[in-house]
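Chemist: fold the following, please.
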Amino acid sequence: MTTTIETTPETRSFEADVAKLLHLMVHSVYSDKDVFLRELISNAADACEKLRYEGLSDASLLGDDGQPRITVTLDAEARRLTIEDNGIGMTEAELGEALGTIARSGTKAFMDKIAGAKDAGDSHLIGQFGVGFYSAFMVADRVEVFSRRAGGDTAASWSSDGLGTYTIQPVDTAEAPARGTRVLLHLKEDAANYTDAFAVERTIKTQSGHVPVPIFLKENPDAEPKQIADGAALWTKPKSEITPEEYKDFYRSAAGQFDEPALTLHYRAEGLHEYTVLAFVPETKPFDLFDPDRAGRMKLYVRRVFITDDAEILPRYLRFVRGLVHSNDLPLNVSREMIQESPVLAAIQKAVANRVLSELDKLAANDTERYLKLWDNFGAVLKEGLYEDFSRRETLLGLARFKTTTSNGEWRSLKDYAAGLKDNQTAIYYATGTDLERLATSPQLEGFRARGIEVLLLADHVDSFWITAGVDYDGKPFKSVTQGLADLSLIPLPDGAEPAAAASDAVNGFIAFVKETLGDAVSDVRVSDRLTESAVCLVAPEHGMDRQLEKLLANAGRLDAAAKPVLEINPRHALVEKLSAVDDGDQAARADAAHLLFDEARIADGELPVDPRAFSSRLMRLLERGIG
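Modeler: Next comes the predicted model:
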């Protein structure tokens, strides 16, 4: 039945992020515009899969048209291209919500990246933020969308030229598909080649030949549709029949990436539970890698029916893995929430996570170069598992790679570190911070370097958390070089090196004076055995919180009060010796020196002086005395 609608189109403005994105699309940021076909076909396939799922509980939604399909129609005379599906469709409200906003977080990072892209061919950026629909404006100066939701008796249209506004209105049902969505592109003059049947068919087969929905092509509006893709799911085929190129094309279509997979994992599990896994590790970082919700991007299919793309198949620290799991053991006649709570799915989740980590371990052992590229991209995410996943901590420690004080900028494993332990070394030493170069020059490392002790340089934010979670490796605990006593005297000096002389009475007296002068600003002032070149440094108390973790929690508003640091003084430093010789009667000069040493230690630790104005005054007085 056709419903006649008389209404005035409502004009709305895009949200600011969408408007900015459209500006970039309209002005052709990317040279490879073929990607728009992949994105629109992927959207259409998702709509068909969603209908297949909803049809399980309400067969009436399928009507007498139960076979999903996508139809691409070309019209060279009118310079138009249409992509139509018979999937779930959208109501007027859903059209506005889906095409007027960008729901997925991380949009700003996406904008910044593509706005600053130097290489116009950076087309792999499209699709990584759920913004694939807007890629249509690379080739079209106007896009119209007509949709009718399955089971509904009304239809609606959406239209925009991509220049800041769009119109939306109810329309006669005769103008929309009987069910599903039709996307009509009015092509730009320089995009007329997208009405060439041979070129379009080749592009679709290359980019979207493995979507689980049949694709048909009509060379003109009056032509008979020709099937160009059979909708056979790639993961159902034997591995021996799938080429690397087909894996790559499927990965790009399913994952919304335009790079190549760094690792492909395809297997069928048999036994108590039978399921198929087709998963990929991307070659480059997805832009949503650090979304606050840390959601995964693995799809779940049950008996060829798409269930959900947020089933948490993998733990969150493996969220960079893209792909799907297909199971015949899970029930179809329950809600998605109940499937998520299924013990069968729990068993699958455990097994798939173990298999992914096992494959990463094999890659690390057999192809170091490839693995280190992967670690460069995803190491910071994998290390979240050291904090969250106790059961797999040993495996993750084996996969972890670190820059160290002796690695000359190269990655080292803990196995490598353990092989170089010094005599009497009972701990694995580390330093945390936010900048590798700054970490490598920290004064707290000087004593370790003098004894040839390797120190892990941990510059990712997550390092400050997992390292304090009671982790050990091969029976050796991790110990911060900025926390507690260093106990370096237990580890022998290199051959030929002379042990440092004990502090003189004058120096000990000066250190006692500094402690008295600073009072509650510090928890202690003591002689340092970790300093060899610098005069002073700050460390955390023996049972206090690591200083970097303390800073992170304070900046996040999750710390009520910071612990008082320990000021360590190098008794053999020339400056300390000279200050120790200052006349006891010149208490003002000695007090200025005590505060300046404390502020110097704070500055070296990346902090401001306690009182910048007082620091400036003391420094000026010191300079005046020196000049005088």
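Chemist: for Arg294, phi and psi?
Modeler: Main-chain torsions, Arg294, degrees, to the nearest 10: phi 50, psi 40.
Chemist: could you find the closest non-adjacent residue to it?
Modeler: Arg316 (4.4 Å; Cβ to Cβ, 6 or more residues apart in numbering). Where you see a C-beta, it was placed from the backbone N, CA and C, and this is true even at glycine.
Chemist: ok, now which ones touch that neighbour?
Modeler: For Arg316, the contact set (Cβ atoms under 8 Å, 6 or more residues apart in numbering) comprises 294-296, 384, 388.
Chemist: and with 10 Å instead?
Modeler: Taking Cβ atoms under 10 Å, 6 or more residues apart in numbering, we find Arg316 in contact with 293-296, 381, 384-385, 388-389.
Chemist: please convert these to TSV, extending it with pLDDT.
Modeler: Output for the contacts of Arg316, formatted as TSV (pLDDT from 0 to 100):
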residue	pLDDT
Asp293	78
Arg294	80
Ala295	81
Gly296	84
Val381	95
Glu384	96
Gly385	96
Glu388	94
Asp389	95
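Chemist: mark which of the residues you listed are buried, thanks.
Modeler: By neighbour count, with 16 or more other Cβ atoms under 10 Å, these hold 296, 381, 384-385, 388-389 as buried.
Chemist: what is the mean pLDDT for the helix or strand harbouring Ala594?
Modeler: Assigned by DSSP states H and E, Ala594 belongs to helix 587-604. What helix 587-604 shows for mean pLDDT is 92.
Chemist: before we move on, back to that, from the buried ones among the contacts of Arg316, which ones fall inside helices?
Modeler: 381, 384-385, 388 (DSSP state H).
Chemist: let me have the residues you listed in a markdown table, extended by distance to Ala561.
Modeler: As requested, these are arranged in a markdown table below (distance: Cβ to Cβ, whole Å):
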| residue | distance to Ala561 |
| --- | --- |
| Val381 | 32 |
| Glu384 | 27 |
| Gly385 | 31 |
| Glu388 | 27 |
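Chemist: closest to Ser208 out of these?
Modeler: Val381 (29.0 Å; Cβ to Cβ).
Chemist: I'd guessed Met90 sits against Trp158; true?
Modeler: Yes - with contact defined as Cβ atoms under 10 Å, Met90 and Trp158 form a contacting pair (8.7 Å).
Chemist: need the residues touching each of the two.
Modeler: By Cβ under 10 Å, 6+ apart, the residues touching both Met90 and Trp158 are 96, 98-99, 145-147, 181.
Chemist: in helices, which of those residues fall?
Modeler: When DSSP H defines the helices, the subset of these inside them is 96, 98-99.
Chemist: quick check: the residue most central in space within the chain vs Leu382, distance?
Modeler: By Cα atoms, centre = their mean, the chain has its centre lying nearest to Leu289, at 2.0 Å. Using Cβ to Cβ, to the nearest Å, Leu289 is found at 11 Å from Leu382.
Chemist: now do the shared contacts for those two.
Modeler: The contact lists of Leu289 and Leu382 share Phe320, where a contact means Cβ under 10 Å, 6+ apart.
Chemist: any weak-confidence spans in the stretch 401-550 of the chain?
Modeler: For the stretch 401-550 of the chain, applying pLDDT under 70 flags the ranges 496.
Chemist: hey, which helix or strand in this protein has the poorest pLDDT?
Modeler: helix 107-115 (a mean of 52; mean pLDDT, DSSP states H and E).
Chemist: nearest to Ala535 among the buried ones among the contacts of Arg316?
Modeler: Nearest member of the buried ones among the contacts of Arg316 to Ala535, counting by Cβ to Cβ, is Glu384, at 38.1 Å.
Chemist: list the contacts of the closest one.
Modeler: Contacts of Glu384 by Cβ under 10 Å, 6+ apart are 294, 315-319, 396, 460, 462, 465-466.
Chemist: which of these are buried?
Modeler: Buried members of the contacts of Glu384, counted by 16+ other Cβ under 10 Å: 315, 317-319, 396, 460, 462, 465-466.
Chemist: out of these, which are inside helices?
Modeler: Counting by DSSP H, these place 396, 465-466 in helices.
Chemist: and which of those is nearest to Thr276?
Modeler: Among those, and counting by Cβ to Cβ, the member closest to Thr276 is Leu396, at 25.8 Å.
Chemist: any idea how far that closest one lies from Phe320?
Modeler: Counting by Cβ to Cβ - Leu396 and Phe320 are separated by 14 Å.
Chemist: can you pull out the low-pLDDT segments for the stretch 251-400 of the chain?
Modeler: Within the stretch 251-400 of the chain, the stretches with pLDDT under 70 are 332-337.
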